[in-house]
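[1] quick check, what structure comes out for this input:
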Amino acid sequence: MRRAARAALVALALAPAPAPAGEGTISPPEDVTLDGVPPIPAAVGKALAPYDEFRSHAMLAWHPLRPEMLVRLRLPGARNEALLVKQPGAAPEAIIGLPGDVGHAAFEPRRGEYLVFTRSAEAGGEPRLYREDVASREISALSPEGESATGVAWTRRGDRLAYMTRAQDREPPGRERALVHVVDPLRAASDRVLARLEGAGWSQPAFSEDGRHLVLVQALSARASRLWVMDAATGKRRAVTRGDAAYAEPRFARDGRSIFAIAARAAAPRRLVQVFLSGKERTVSHVTHSVEDFDISFDAKRIAFTTEEEGSDVLRFIDLGTLKELPRPPLVPGVIRRLRWRPGTDEVAFDVVSARSAGDVFSYEVARNQLTRWTNGNSPHLNTSAFVEPGTIRWKGADGRDVTGLLYRAPGSFKGKRPVIVSIDRAPGAPARTGFIGRDNYLVGELGVALVRPDVREPSAVADVAGLLAWIAAQPDLDASRVAIVGRGEGVALALDCARSLGRPLLAAQDGPEAFMAHARAQRAAGDLRARSIPAWLLFAHAGGFEEGPDARFLSEAAVEFAKRTLLKPGS
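    Sure thing, here's the model as predicted:
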């Protein structure tokens, strides 16, 4: 396998180089090899430049006393910075005086006089746990150096926190251990290892309200896990579930006699459940949609949770006393993450990624039925209200079952039937989500190209896309004679098969080790298409990746030029 990968790498290095970039064209990144991609005019890069100025924010934590919050800002280079937002719409302020990639960050839960955070020296590095005094900005390390710190959990009183570490490169494969630490953040020397757990699948610790117990998740496989309850003084533990479901995000009930968690079983939707320490379990969420996230507020006497429904998340509430669902607020379609109740109130915060936001933080006050936007990471040069909201479409697969997808229709200002790009960027079975499509907004809003993100299935992907083409042919505003396929990420292999079998123009971008192993397959598909005079453009990244950075920017530029050359008629 390694020899094949090296051979593929050599083949990429020796592949014919694209025409040299002149003053009026864009030079591809050094780690990207092109096959069949013509020079791209510099004007394309200039037109897309405003789409690079979006910034993604995520919710981290509320201040315990003041209506302020910590948010995470995604920076170029896959680095994250924690910032303080003192009021809705205020410019976020730097609060952590240590450079690096910040993961977790939260205030001490009583007075907020200091915060703890995990930070790695570089993006993707091993995180270490720190404490920072808010007034003096003095920073001290809490976790041992050289061990990856994760899973930070506070007691309600704020006198202790638990976290987990894994020694890096110290354990042989199959002999990994997770260490559970307990520490008073004001006394780093008080750190002690509460328990040593065999295996690498331990995560998500959370304290009971009285601080006497911890709950942890032990992953057994991709589809099964156990919940364990541990004595926070002795480390003694016992399992409270059998391992017949995959549990996530456990939280103790107020009385400590049960645990709320998300449970996934077989092909059933993920449910919010209440697991009693006796082992009994009951379902709390009774909607037919999968639960994505939840948070509990004993102050508001509510559980906030989200469900995934046709590509978007819906925010819902359950009364803690009756466990009955309450009326839900109408929010814009999008992906909702990181629910966080503000202490002592009925206000819950979360971040939303939508068609018109790369990621911003909002809060919702239940009694007032008021939604407030806290951050705005939109590009100052673009009117995001003009960005197209997707709609869910359905068509019949070869087996007669419904197949779904998201369709971004071209604005009504474009006349005539519009060309279509079928974007396959996920593995089979992974549903398309109503998220932010970034630079692809240029394809839809400024070129008038409709964009479809189908929920294709394995092994019927080609038949599913064939059914999609038949559906497109029946639409009065879409042009079935001008349909191209773009494959990225985990969807590349399916895109190659679909384009080759259905005879459609292809743009495929592959990165990582998979790019080398799939190089020959991609070239066979491209060769077959070109033999039929059908355009096929291939891009291979053999050092970076097409998720973000220069490689991602160049892929977007290539996609725009691809759409212009293969789908747009003169004057359209």
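[2] hey, let's count contacts and neighbours off CA atoms from now on
    Will do.
[3] for the stretch 201-350 of the chain, give me the ranges with low pLDDT.
    Along the stretch 201-350 of the chain, the model assigns pLDDT under 70 to no residue.
[4] helices of that one, start to end?
    When secondary structure is read from DSSP state H, counting those that start in this stretch, the stretch 201-350 of the chain shows no helices.
[5] in stretch 370-387, what counts as buried?
    Residues 371, 374, 375, 376, 377, 378, 379, 387 are the ones in stretch 370-387 that count as buried (16 or more other Cα atoms under 10 Å).
[6] also stretch 498-509?
    Neighbour-count burial for stretch 498-509 [16+ other Cα under 10 Å]: 498, 499, 500, 503, 504, 505, 506, 507, 508, 509.
[7] could you do stretch 343-361 as well?
    343, 346-361.
[8] just the ones of these in strands?
    For the buried residues of stretch 343-361, membership in strands holds for 347-354, 357-361, with DSSP state E as the criterion.
[9] ok, those vs residue 280, which is closest?
    Nearest to residue 280, judged by Cα to Cα, of these is residue 348 at 29.7 Å.
[10] and the gap between the closest one and residue 339?
    As defined by Cα to Cα, to the nearest Å, residue 348 lies at a distance of 7 Å from residue 339.
[11] got any residues that touch both of those two?
    residue 304 (Cα atoms under 8 Å, 6 or more residues apart in numbering).
[12] where do the helices sit along this protein?
    With helices called from DSSP state H, the chain shows them at 2-14, 42-48, 440-445, 461-473, 492-502, 513-517, 519-531, 550-566.
[13] tell me which two in the buried residues of stretch 370-387 are the farthest apart.
    Spatially, the most separated pair among the buried residues of stretch 370-387 is 371 and 379, at 22.0 Å (Cα to Cα).
[14] give the residue spans of the stretch 1-150 of the chain that score low on pLDDT.
    In the stretch 1-150 of the chain (pLDDT under 70), the answer is 1-23.
[15] kindly recompute the last result at 90.
    Residues of the stretch 1-150 of the chain meeting the criterion pLDDT under 90: 1-23, 75-79, 97, 99, 121-126, 146.
[16] what segments of the stretch 301-450 of the chain are strands?
    Counting by DSSP state E, counting those that start in this stretch, the stretch 301-450 of the chain has strands at residues 302-309, 312-319, 325-326, 335-341, 347-354, 357-365, 370-373, 391-396, 402-408, 418-424, 450-454.
[17] which stretch among the ones you listed comes nearest residue 526?
    Evaluated over the strands of the stretch 301-450 of the chain, closeness to residue 526 peaks at strand 418-424, with 16.6 Å, by Cα to Cα.
[18] where's that closest one relative to the chain centroid, distance-wise?
    Put simply, strand 418-424 sits 23 Å off its chain's centre (Cα atoms, centre = their mean, to the nearest Å).
[19] need the CA coordinates for it. CSV is fine.
    Extracted in CSV, the C-alpha atoms of strand 418-424 (Å, rounded to 0.1, in the frame of the first residue of the first chain):
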residue,chain,number,x,y,z
ARG,A,418,-30.7,27.6,-15.8
PRO,A,419,-27.7,25.2,-15.9
VAL,A,420,-27.1,23.0,-12.9
ILE,A,421,-24.1,21.8,-10.9
VAL,A,422,-24.7,18.5,-8.9
SER,A,423,-22.2,18.8,-6.0
ILE,A,424,-21.3,15.5,-4.4
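[20] could you report the neighbour count for residue 158?
    Burial of residue 158 is recorded as 17 neighbouring residues (other Cα atoms under 10 Å).
[21] what residues does the nearest residue to it once chain neighbours are set aside make contact with?
    Excluding the flanking residues, the one nearest residue 158 by Cα to Cα, 6 or more residues apart in numbering is residue 109, at 5.4 Å. Residue 109 makes contacts with 63, 64, 154, 156, 157, 158, as judged by Cα under 8 Å, 6+ apart.
[22] again, but for residue 370
    Contacts of residue 370 (Cα under 8 Å, 6+ apart): residue 364.
[23] I'd like the numbering to begin with 106 instead of 1 from here.
    With 106 as the first residue, the last one maps to residue 475.
[24] check the gap between it and residue 414 for me.
    Remark: distance between residue 475 and residue 414 (Cα to Cα) = 22 Å.
[25] same question for residue 594.
    Distance, residue 594 to residue 414, by Cα to Cα: 24 Å.
[26] neighbour-wise, which of these two wins?
    For residue 594 versus residue 414, the count of surrounding residues by other Cα under 10 Å is larger for residue 594: 20 against 15.
[27] count of neighbours near residue 403?
    15.
[28] for the nearest residue to residue 237 once chain neighbours are set aside, what are its contacts?
    Using Cα to Cα, 6+ apart and skipping the chain neighbours, the partner closest in space to residue 237 is residue 244 (4.4 Å). Listed by Cα under 8 Å, 6+ apart, the contact set of residue 244 reads 202, 235, 236, 237, 238.
[29] isn't residue 492 up against residue 463?
    No - if you go by Cα atoms under 8 Å, residue 492 and residue 463 don't touch, sitting 11.9 Å apart.
[30] residue contacts, residue 142?
    By Cα under 8 Å, 6+ apart, the contact set of residue 142 is 123, 642, 643, 644, 663.
[31] got phi/psi on it?
    Note on residue 142: backbone dihedrals following degrees, to the nearest 10 are phi -100, psi 120.
[32] how much space separates it from residue 594?
    Residue 142 sits 18 Å away from residue 594, going by Cα to Cα.
[33] can you tell me the number of residues neighbouring residue 155?
    Neighbours of residue 155 (other Cα under 10 Å): 15.
[34] before we move on, what about the one 10 residues further on?
    Applying the criterion other Cα under 10 Å, we find 24 residues in the vicinity of residue 165.
[35] surely it meets residue 210?
    Yes - counting by Cα under 8 Å, residue 165 touches residue 210, with 6.3 Å between them.
[36] find residues that contact each of the two.
    Overlap of the contact sets of residue 165 and residue 210 (by Cα under 8 Å, 6+ apart) consists of residue 175.
[37] was I right about residue 404 contacting residue 449?
    Yes - Residue 404 is within contact range of residue 449, at 5.4 Å (criterion: Cα under 8 Å).
[38] am I right that residue 202 is in contact with residue 245?
    No - using Cα under 8 Å, residue 202 is not in contact with residue 245, being 11.2 Å away.
[39] who's more crowded, these two?
    Neighbours were counted for residue 202 and for residue 245 using other Cα under 10 Å; residue 245 has more, 15 against 10.
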